[in-house]
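>>> Got a predicted structure plus its sequence, pasted below:
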Amino acid sequence: MKNKRFIVFLSALSLAASLSLPAAGADAPSDWAKTEVESAISQGLVPRDLQSSYQTPITRQEFCRLAVTMVEVVEEKPVSQVIADRKLQTKENAFSDTQDDYAENACALGVVNGYEDGTFRPQGSITRQEAAKMLYETAKVLEYTGSGGSLTFSDRDGIASYAVTAVKFASSTGVMKGVEGGRFDPAGLYTRQQAYITMDRLLSVLEGESAGGEMTANQIFNQCSPAVCYVEVYDAAGQATGTGSAFAVEENGKLVTNYHVIRDAYSARVKFPNGKTYSVENVLAYDVKRDVAVLSISAQGLPTLPLGDSSTLVSGQTVYTIGSPQGLDNTIANGIVSATNRVVDGREYIQITAPISPGSSGGALLDGRGRCVGITTGTLSGQNLNFAVPINDVKEYLDKNDPITLEKLAGATSRVTNMQVTLMGKKATYTGEVLGGATPHGEGRAEWADGSYYEGTFQRGMPWGKGTYYKSKDQSLYTGDFYAGFAQGDGVLKYHNGDQYEGQFAGGQMHGKGIYTFKSGDQYVGELAYGSFEGEGVYTYVTGEKYVGEFRNSKFDGYGRYYGTTGKLEREGYWYQGSFKGEIKPV
């Protein structure tokens, strides 16, 4: 904790300076509580005679002492002066069963009230929801103005109505946390060590920190955003092709981002919140499958992000994202960890609710202490289904130094096996040659989950050149020319029902001149447009009958001649939508 104020009484300071916890044993705090209990004592929040029996339930009277002590520490004056300054009145004999000064002062401040029968029951124990209520009222006395969040505990319906707002406050600030199983346990008893810990956390909140040593969103932003930069990438012609985010991990210009942010880029520039811009000089390390890239820029003295331990994340934990969604640089958002090890496409990610959008890729995922625990990477369709690469998966690349320029990386060819790619708008598994480590380019084979596949030549991620495409939906097989992902040029298309077309294609459809042979044996030879017989053509029946003439929408339409099975001309004239209309063109 930083910059905390202490009560000005010299006796209290001298006592706190000499305090130490007893050795581990029955009278010592639990191991998990020791650090925060020590902090509470060092802040002067725990009277000396209460520094024992840490694991026993705290009484109502003892909690009043803690609340009054907290007020004196924060206000730096005796509680009597605080009450007088606020023109409040101490109610002597406020309770029929105690005249304890701490209880009466806490009552005057509004921290506690008695029961309907006029008693206070000073030696009564406190439940967790009652503790939340007293902590909330103490925060109000000390002019805390923050609002609480929503209740996500599985037993939230069991929280008494009087305590709902208080529990929202305590849980959203981190002053109180849930128990095992995602519960709050509102009726559970509150121990001394729990009371000391939550008073210490409340002081942190009041001093502008989030509880447990965590920071507020404003502190996270102020401390971390200077290290996160906006990224713009360019093609070979120098035209901007996309944006993303990155963050500095070393003062001398080492940045981390997602690989897909710089994929196929010939150059890139980064811009930090202070307005300084730098050209990306090299890619020091990258992993296409893990979607990680380490970049270098020529800079010194950069603000950096401390790296956390992503393995310690827990579901429900508050996290923050900083990046450049939709190109809006220096944007912060918050949410929670939905899952710590969600597997998507065979890769493990941190699933979060913190909003991200295109342009957020490569940005920082931060815990409540401002430590980077992941790279914000992508999203699924739906509400708040967002994902980040765990920072522990990134650390192994930070010590690698195999520099290559973006231009050389974009032009470098290699071979991959079973790489996950997106082709024709769908995810596929690709084996073959790639450009820049990730883009199918050259000879290869892509297979989709539904059984469809393409095998042949690729150019920059698109079927382009000679190849074969099998479409599982209609079990059709095309072999021939491709252009920019579409069947275009000369090819052969075979259908599952036995039909076959051989001829010209454009935009993925039969278009131009060709021969369409039906399973029945009928055959069309002529012109086609966008998949239909259109123009001049000849349709020959398996029986020997034949039509020679014009077609529209795959039907006899226009001028034509019809020959019988013996080859004798039987009808000549005009046809409309498959029907003969006579020798005179219909109007």
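Noted; the coordinates are in hand. Numbering: from 1, shown residues only.

>>> contacts, neighbours, all on C-alpha from now
OK.

>>> K271 touches A227, doesn't it?
No - with the criterion set as Cα atoms under 8 Å, K271 and A227 do not qualify as a contacting pair; they are 10.3 Å apart.

>>> neighbour count winner among those two?
Summary of the neighbour comparison: K271 and A227, criterion other Cα atoms under 10 Å, with A227 having more neighbours (24 against 18).

>>> Can you give me every residue that contacts the more buried one?
Counting by Cα atoms under 8 Å, 6 or more residues apart in numbering, A227 touches F247, A248, F272, L302, P303, T304, L305.

>>> Need the three-state assignment for the fourth one.
So that's L302. Following DSSP: H, G, I helix; E, B strand; the rest coil, the label given to L302 is coil.

>>> per-residue pLDDT, it?
Listed pLDDT for L302 reads 87.

>>> can you pull the pLDDT of the residue nearest to it when sequence neighbours are not counted?
Excluding the flanking residues, the one nearest L302 by Cα to Cα, 6 or more residues apart in numbering is E251, at 4.3 Å. The score at E251 is 86. That number is its pLDDT.

>>> wait, E251 sits on S298?
No - with contact defined as Cα under 8 Å, E251 does not reach S298; the gap is 10.3 Å.

>>> residue ranges of the strands in the stretch 151-300 of the chain, please?
With DSSP state E, counting those that start in this stretch as the criterion, the stretch 151-300 of the chain has strands at 228-234, 240-250, 254-257, 267-271, 277-287, 292-297.

>>> what pLDDT, on average, does the shortest one get?
Mean pLDDT, computed over strand 254-257, is 96.

>>> The top strand by length along the chain packs against which elements?
Determined from DSSP state E, the single longest strand within the chain is strand 331-344. With contacts defined as 3 or more Cα pairs under 8 Å, 6 or more residues apart in numbering; DSSP states H and E, strand 331-344 has these neighbours: strand 318-323, strand 347-352.

>>> Go through those and pick out the most buried.
Comparing the helices and strands packed on strand 331-344 by mean neighbour count (mean count of other Cα atoms under 10 Å), strand 318-323 comes out on top with a mean of 27.

>>> quick one: contacts for T191?
Counting by Cα under 8 Å, 6+ apart, T191 touches Y54, Q55, T56, P57, I58.

>>> Over to A354?
Applying Cα under 8 Å, 6+ apart, the residues near A354 are V319, Y320, T321, A333, N334, G335, I336, N384, N386.

>>> go on, A285?
A293, V294, L295, Y397, L398, K400, N401, D402, P403.

>>> Any idea what the third one is bridged to?
Per DSSP bridges, the residues bridged to L295 are L255, V283.

>>> 29 is where my numbering starts, stick with that
In the new numbering, first residue 29, that becomes L323.

>>> And it, how close does it get to A245?
28 Å (Cα to Cα, to the nearest Å).

>>> who has more neighbours, these two?
Applying other Cα under 10 Å to L323 and A245 shows that L323 carries more neighbours, namely 28 against 18.

>>> so that one makes contact with V311?
Yes - at 4.5 Å, L323 counts as touching V311 under the criterion of Cα under 8 Å.

>>> Can you tell me the closest non-neighbouring residue to the residue sitting nearest the centre point of the chain?
Taking Cα atoms, centre = their mean, the centroid of the chain lies closest to N414, which sits 2.8 Å from it. The spatial neighbour of N414 that comes closest, neighbours along the chain excluded (Cα to Cα, 6+ apart), is T407 at 4.2 Å.

>>> Now do the contacts for the one you found.
Contacts here follow Cα under 8 Å, 6+ apart; on that basis T407 touches I384, S385, L413, N414, F415.

>>> ditto for G460
When contacts are taken as Cα under 8 Å, 6+ apart, G460 is in contact with R443, V444, T445, P468, G470, E471, G472, R473.

>>> Same question for E564.
By Cα under 8 Å, 6+ apart, E564 lies in contact with G554, E555, V576, G577, E578, F579.

>>> And K501, by the same measure?
When the contact criterion is Cα under 8 Å, 6+ apart, the partners of K501 are S480.

>>> distance of it from T545?
Going from K501 to T545 by Cα to Cα gives 21 Å.

>>> Could you do M98 as well?
Counting by Cα to Cα - M98 and T545 are separated by 90 Å.

>>> same thing with R156?
R156 is 80 Å from T545, where distance means Cα to Cα.

>>> Pick out whichever of those two has more residues nearby.
Summary of the neighbour comparison: R156 and T545, criterion other Cα under 10 Å, with R156 having more neighbours (22 against 19).

>>> For that one, which non-adjacent residue is spatially closest?
In space, not counting the residues next to it along the chain, R156 is nearest to P214; the distance is 5.0 Å by Cα to Cα, 6+ apart.

>>> Then N280?
Among residues not flanking N280 along the chain, Q328 sits closest, at 4.5 Å (Cα to Cα, 6+ apart).

>>> Does that neighbour touch G281 like I think?
Yes - using Cα under 8 Å, Q328 is in contact with G281, at 6.3 Å.

>>> So which of those two has more stuff around it?
Neighbours of Q328 and G281, each counted by other Cα under 10 Å, are more numerous for G281; the result is 21 against 11.

>>> ok, back up a step: alpha carbons of the longest strand of the chain, as CSV, please.
The C-alpha coordinates for strand 359-372 follow below in CSV (Å, rounded to 0.1, in the frame of the first residue of the first chain):
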residue,chain,number,x,y,z
THR,A,359,-9.0,2.2,-25.1
ILE,A,360,-9.5,0.5,-21.7
ALA,A,361,-12.3,-1.9,-20.8
ASN,A,362,-12.9,-4.4,-18.0
GLY,A,363,-14.7,-7.7,-17.4
ILE,A,364,-14.1,-11.0,-15.8
VAL,A,365,-12.3,-14.2,-16.6
SER,A,366,-15.0,-16.6,-17.8
ALA,A,367,-12.7,-19.6,-18.2
THR,A,368,-8.9,-19.9,-17.7
ASN,A,369,-8.3,-22.7,-20.2
ARG,A,370,-10.8,-22.6,-23.0
VAL,A,371,-9.8,-24.7,-26.0
VAL,A,372,-10.7,-23.3,-29.4
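
>>> Mind listing the strands it pairs with, and their directions?
Under the criterion DSSP bridges, the sheet neighbours of strand 359-372 are strand 346-351 (antiparallel), strand 375-380 (antiparallel).

>>> Buried ones in it, by neighbour count?
Residues of strand 359-372 classed as buried: T359, I360, A361, N362, G363, I364, V365, S366, A367, T368, N369 (neighbour count, 16 or more other Cα atoms under 10 Å).

>>> Can you pull out the low-pLDDT segments for this structure?
For the chain, the stretches with pLDDT under 70 are 29-54, 173-180, 236-241, 409-411, 614-615.

>>> mind listing the helices in it by residue range?
In chain order, the chain shows helices spanning 38-46, 62-70, 88-103, 107-113, 129-137, 156-169, 192-201, 220-234, 245-252, 287-290, 434-439, with DSSP state H as the criterion.

>>> Would you mind putting those into JSON lines with distance to S307 alongside?
Formatted as JSON lines, these follow (distance: least, Cα to Cα, whole Å):
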{"stretch": "helix 38-46", "distance to S307": "53"}
{"stretch": "helix 62-70", "distance to S307": "46"}
{"stretch": "helix 88-103", "distance to S307": "49"}
{"stretch": "helix 107-113", "distance to S307": "58"}
{"stretch": "helix 129-137", "distance to S307": "59"}
{"stretch": "helix 156-169", "distance to S307": "49"}
{"stretch": "helix 192-201", "distance to S307": "41"}
{"stretch": "helix 220-234", "distance to S307": "41"}
{"stretch": "helix 245-252", "distance to S307": "22"}
{"stretch": "helix 287-290", "distance to S307": "13"}
{"stretch": "helix 434-439", "distance to S307": "11"}
